[in-house]
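[1] No letters, just coordinates:
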């Protein structure tokens, strides 16, 4: 298997997503980062014309999402762009074509 073969399989398994980063300059604001305090609002972002506010629960291990017509603004605005990240290497071997799948089985037996 060559690097090109591997990348072909990885690209076949890749899925589009939205990548958020801190906004700079004139980038349109698509969300706000608030922090990671337990029991508090951690992020607000716009999706299909609705603002989603993500809150952490008191234990900090789960949370909830509330919708709003307007954003909760913070000093940390976010912008977004389309992205297509490659999947993890083990996912490419596990869910790739049959040729890659047979290599994954051999690797699993060795480790």
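    Noted; the coordinates are in hand. Because the structure is a prediction, the values reported are computed rather than measured.
[2] tell me the domain ranges of this protein?
    Domain assignment for the chain, taken from automatic domain parsing, gives 1-16+85-111, 18-83.
[3] tell me which strands and helices the one helix or strand residue 93 maps to is in contact with?
    Here residue 93, judged by DSSP states H and E, is contained in helix 89-95. Contacts defined by 3 or more C-beta pairs under 8 Å, 6 or more residues apart in numbering; DSSP states H and E place helix 89-95 against helix 3-13, helix 98-110. Where you see a C-beta, it was placed from the backbone N, CA and C, and this is true even at glycine.
[4] residues in contact with the helix or strand just after the shortest one?
    It stands for helix 3-13. Once the chain leaves helix 3-13, the next helix or strand it forms, by DSSP H and E, is strand 17-22. Taking contacts as C-beta atoms under 8 Å, 6 or more residues apart in numbering, the residues outside strand 17-22 that touch it are 30-31, 33, 45, 76-85.
[5] Chain neighbours aside, what residue packs nearest to residue 9?
    Among residues not flanking residue 9 along the chain, residue 96 sits closest, at 3.9 Å (C-beta to C-beta, 6 or more residues apart in numbering).
[6] I meant to write residue 70 there.
    With C-beta to C-beta, 6+ apart as the criterion, residue 70 has its nearest non-adjacent residue at 6.3 Å, and that residue is residue 51.
[7] From residue 42, how far out is the one you found?
    For residue 51, the distance to residue 42 equals 14 Å [C-beta to C-beta, to the nearest Å].
[8] likewise residue 59?
    From residue 59 across to residue 42, the span is 14 Å (C-beta to C-beta).
[9] which of the contacts of strand 17-22 sit farthest apart?
    76 and 84 (25.4 Å; C-beta to C-beta).
[10] Between the two, which has more neighbouring residues?
    Between residue 76 and residue 84, counted using other C-beta atoms under 10 Å, the more crowded position is residue 76 (13 against 10).
[11] Need the three-state assignment for residue 87.
    For residue 87, the secondary structure call by DSSP: H, G, I helix; E, B strand; the rest coil comes out as coil.
[12] Test for you: state the pLDDT assigned to the residue nearest to it when sequence neighbours are not counted.
    Once flanking residues are discounted, residue 87 sits nearest to residue 13: 4.9 Å by C-beta to C-beta, 6+ apart. Looking at residue 13, its pLDDT reads 88.
[13] Nice, that's everything, thank you.
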